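J.: Got a sequence here, can you build the structure:
(4 chains)
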Number of protein chains: 2
Amino acid sequence: MTTAPPSPRVLPHPTREEIRLDSVLHALSDPVRMRIVSELADAEAALSCSRFDLPVTKSTTTHHFRVLRESGVIQQVYEGTAKMNGLRREDLDALFPGLLDALLTAARRQAARDARA
Amino acid sequence: MTTAPPSPRVLPHPTREEIRLDSVLHALSDPVRMRIVSELADAEAALSCSRFDLPVTKSTTTHHFRVLRESGVIQQVYEGTAKMNGLRREDLDALFPGLLDALLTAARRQAARDARA
DNA sequence: CGACTCGTACGATAGCCGTCGTAGTACGTG
DNA sequence: CACGTACTACGACGGCTATCGTACGAGTCG
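T.: Here you go, the predicted structure:
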């Protein structure tokens, strides 16, 4: 048969216009996901999922990455066995200028406060 | 008896140091609450709960205002029968500089996009 | 092919959350 | 005191969510 393969090797992303502020804020309201985004912003490049040392299991990690992708915060592309994750900075900056930087700065401040405690 | 009255006429607020980014983002990830905060920012003054025309019942309204207060986004003070709500702009700006303005701008943009649809 | 790594899918569970209705309290006014 | 207004408290319900474990698929390397 010439039917398409059942495994979706390409992952669904929202278009720029489909990204909603509500969803972005909800995605970033989880500490684990905010941490992922912060590391991604520091890296300035796409990282594979396994490059993150998160305090949750692999299943949960997959879940968090999916939430970030479906909310439009990150972009995910398969590269061999690895799945590379990149921040959708251009889209976010175009939709909500200054928001991403303000959020990243806020996250850094919160992390500094937590470390001081 | 000289015991304190059982009804808490003064409402519990988090101190500035207790305000957490996670909670703020979670509070603002609900469209109804973001709308409240936007109107509060536009008003530049404290407003009573009944000044808002929200698409939910009064019970739910009370719930949303409590979430905003407990996350440290707004301040609530009784004034007769009314409860006045004010944005905690000073505290938020001190903790997360630029974040509130970026969020309000983003909310305006999202609202404009929604209206265009 | 076989083994290994990376990530997914699915099911389960426990907890939180947004919503409502109803009943009730606090305050002001007649 | 009686009444109306503003808001709350409580319980309920449905839905979402963060978490896990286990089992599986897709790719790479020997």
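
J.: interface residues of chain A facing DNA strand D?
T.: Selection of chain A residues close to DNA strand D by C-beta under 7 Å from any atom of the strand yields A:5-7, A:9, A:26, A:30, A:32, A:56-60, A:63-64, A:67, A:80-81. In this view, the C-beta of every residue, glycine as well, is placed from N, C-alpha and C.

J.: Helices along chain A, start to end?
T.: Applying DSSP state H to chain A gives helices spanning A:21-28, A:31-43, A:58-70, A:89-95, A:99-116.

J.: Next to chain B, which bits of chain A? Give me the list.
T.: Taking C-beta under 8 Å from any C-beta of the partner chain, the part of chain A that reaches chain B is made up of A:17, A:20-23, A:25-26, A:28-31, A:34, A:95-99, A:101-103, A:105-107, A:109-110, A:113.

J.: Take these and, keeping just the buried ones, write it as a PyMOL select command.
T.: To isolate the buried members of those in PyMOL, using 16 or more other C-beta atoms under 10 Å in any protein chain shown:
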select buried, chain A and resi 20+21+23+25+26+28+29+30+31+34+95+96+99+101+102+103+106+107+110
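
J.: pLDDT score for the residue nearest to residue A:102 when sequence neighbours are not counted?
T.: Spatial nearest neighbour of residue A:102, excluding adjacent residues (C-beta to C-beta, 6 or more residues apart in numbering or on different chains): residue B:102 at 3.8 Å. Looking at residue B:102, its pLDDT stands at 98.

J.: which regions of chain A lie under the pLDDT threshold?
T.: Applying pLDDT under 70 to chain A flags the ranges A:1-8.

J.: Near DNA strand C, which residues of it are found?
T.: Neighbours of DNA strand C within chain A, by C-beta under 7 Å from any atom of the strand: A:8, A:48-50, A:58-59, A:62, A:65-66, A:76, A:81-83.

J.: Make a ChimeraX selection of the buried ones in these.
T.: Of the residues of chain A next to DNA strand C, the buried ones can be selected in ChimeraX as follows, counting by 16+ other C-beta under 10 Å:
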select /A:49,65,76,83
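
J.: Tell me which residues touch residue A:109, please.
T.: B:21, B:95-96 (C-beta atoms under 8 Å, 6 or more residues apart in numbering or on different chains).

J.: I'd like those residues written out as TSV, with distance to residue B:38 added.
T.: Shown next, in TSV, are these (distance: C-beta to C-beta, whole Å):
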residue	distance to residue B:38
B:21	19
B:95	20
B:96	17
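
J.: which among those gets closest to DNA strand C?
T.: Proximity to DNA strand C was ranked across the contacts of residue A:109 by C-beta to the nearest atom of the strand; first place goes to residue B:21, at 14.6 Å.

J.: Please name the nearest non-neighbouring residue to the closest one.
T.: The shortest distance from residue B:21 to any non-neighbouring residue, by C-beta to C-beta, 6+ apart, is to residue A:110 (4.2 Å).
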